[in-house]
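Q: just the structure for this:
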Amino acid sequence: MAIESIANLMADARAREYAIGYFESWNLESLQGVLDAAEHAAAPVAIGFNGEFLSKPDRLTRERLAIYAALCNSAAASSPVPCAMVFNECPSDSWVLSAADLGFNLVMLVGQHTAHDDYLRRVKRIVEHCRSRGVAVEAELDELPSGASGAVEGAGPMTDPEVAEKFVCESGVDLFAISVGNVHIRTHGQQALDLNHLAALHKRINVPLVLHGGTGIPGESIQAAIRLGVAKVNYGTYLKQRYLAVLKQAATWEETNPHELLGLGGHRDIMVATRLAVRDAVLERIEDLRCDGKALNWPRSGAVAGR
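A: Model (predicted):
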């Protein structure tokens with residue numbers, strides 16, 4: 001199936017009260033694990049890569065964005081479930097513009113430590129570039145607290161409904177990511193969302209809402225958030241945790257034939273083991289999103305055109 005438009009995916013999610021899961025990949029095994037899970041559950045899915053990580057200027061090796069785009073495109077074309085193709089959370093305008101040109105159909109420019117007016121100007125330029133290409137744009141105004149150290153740090157104010165409403169109208173973005181108690185890179189535990197604050201945002205903002213930091217959000221909060229306008233939830237941290245746990249276990253396996261560990265595709269193949277770990281991790285969250293089975297008989301009648 002070809003890449004599905006964001007407009008169609010969001011319209012269907014809102015109409016049938018579920019959310020699309022964006023399960024972030026970082027290599028071929030993780031990408032295939034995400035698709036394995038989506039196909040097993042017959043769930044629409046968002047696949048893609050982290051733009052902040054790929055574009056970091058201090059990386060030891062330069063990343064070729066065109067390869068990641070081609071990989072995503074091929075993955076979606078090979079899958080029977082509808083897929084979005086996401087270039088997520090990138091601070092570089094040039095990388096975001098390139099991602100749109102290379103076939104990602106949802107891009108996101110982040111502007112941490114950037115003045116509001118400057119970020120608005122940059123996002124409007126991205127939206128203008130993307131509109132004629134059928135590419136949707138996601139934005140955010142608030143940097144989420146981080147749980148990378150094991151404790152939640154750097155908590156800022158939650159998204160202001162009035163400021164957010166004005167930004168969405170002026171920028172023309174298609175999706176808007178919010179801060180309502182969600183935490184980036186939460187490595188331990190979970191935290192419920194502030195649903196009253198989310199309800200206030202839902203009343204003011206007329207585009208689908210997005211939750212980043214899905215790893216640390218309990219299932220009951222996700223399901224309540226869906227009823228309050230959330231149509232996409234991002235996951236990444238726990239997928240890498242599961243992947244690394246299997247990788248560490250595999251490091252203890254005794255095997256003299258390197259092909260058994262890399263490439264033969266059996267029970268002792270590290271690439272297979274990590275792919276299955278990602279698949280199983282994704283399947284755990286698909287139920288929370290209520291998107292299982294929603295890819296059956298796709299596309300539905302009444303699909304809308306556009307981004």
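Q: distance of Phe38 relative to Asn88?
A: No, residue 38 isn't Phe; it's Ala. From Ala38 across to Asn88, the span is 17 Å (C-beta to C-beta, to the nearest Å). For the C-beta atoms, the positions are set from N, CA and C on the backbone; glycine is no exception.
Q: quick one, which of the two is more surrounded?
A: Remark: of Ala38 and Asn88, Ala38 carries more neighbours, 28 against 25, as counted by other C-beta atoms under 10 Å.
Q: got the phi/psi numbers for the residue nearest to that one when sequence neighbours are not counted?
A: Using C-beta to C-beta, 6 or more residues apart in numbering and skipping residues adjacent in sequence, the residue nearest Ala38 is Val45, 3.9 Å away. Main-chain dihedrals, Val45, degrees, to the nearest 10: phi -150, psi 160.
Q: Val45 and Arg290, how far apart?
A: Note on Val45: its distance to Arg290, by C-beta to C-beta, is 13 Å.
Q: so which of those two has more stuff around it?
A: Comparing Val45 with Arg290 by neighbour count (other C-beta under 10 Å), the higher total belongs to Val45, at 27 against 18.
Q: so what does the helix or strand where Ala38 lies touch, helix or strand wise?
A: Using DSSP states H and E, Ala38 sits in helix 28-41. Secondary-structure packing of helix 28-41 (3 or more C-beta pairs under 8 Å, 6 or more residues apart in numbering; DSSP states H and E): strand 45-50, helix 65-78, helix 237-250, helix 270-289.
Q: for the longest one, list the C-alpha coordinates in CSV.
A: Written as CSV, here are the backbone C-alpha positions of helix 270-289 (Å, rounded to 0.1, in the frame of the first residue of the first chain):
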residue,chain,number,x,y,z
ILE,A,270,20.4,-11.1,16.7
MET,A,271,18.6,-9.1,13.9
VAL,A,272,15.6,-11.4,14.2
ALA,A,273,15.5,-11.3,18.0
THR,A,274,15.6,-7.5,18.1
ARG,A,275,13.0,-7.2,15.4
LEU,A,276,10.7,-9.5,17.3
ALA,A,277,11.3,-7.5,20.5
VAL,A,278,10.2,-4.3,18.8
ARG,A,279,7.1,-6.1,17.3
ASP,A,280,6.0,-7.3,20.7
ALA,A,281,6.6,-3.9,22.3
VAL,A,282,4.4,-2.2,19.6
LEU,A,283,1.7,-4.8,20.0
GLU,A,284,1.4,-3.9,23.7
ARG,A,285,0.5,-0.2,22.9
ILE,A,286,-1.7,-0.8,19.9
GLU,A,287,-4.6,-1.9,22.2
ASP,A,288,-4.3,1.3,24.2
LEU,A,289,-4.6,3.3,21.0
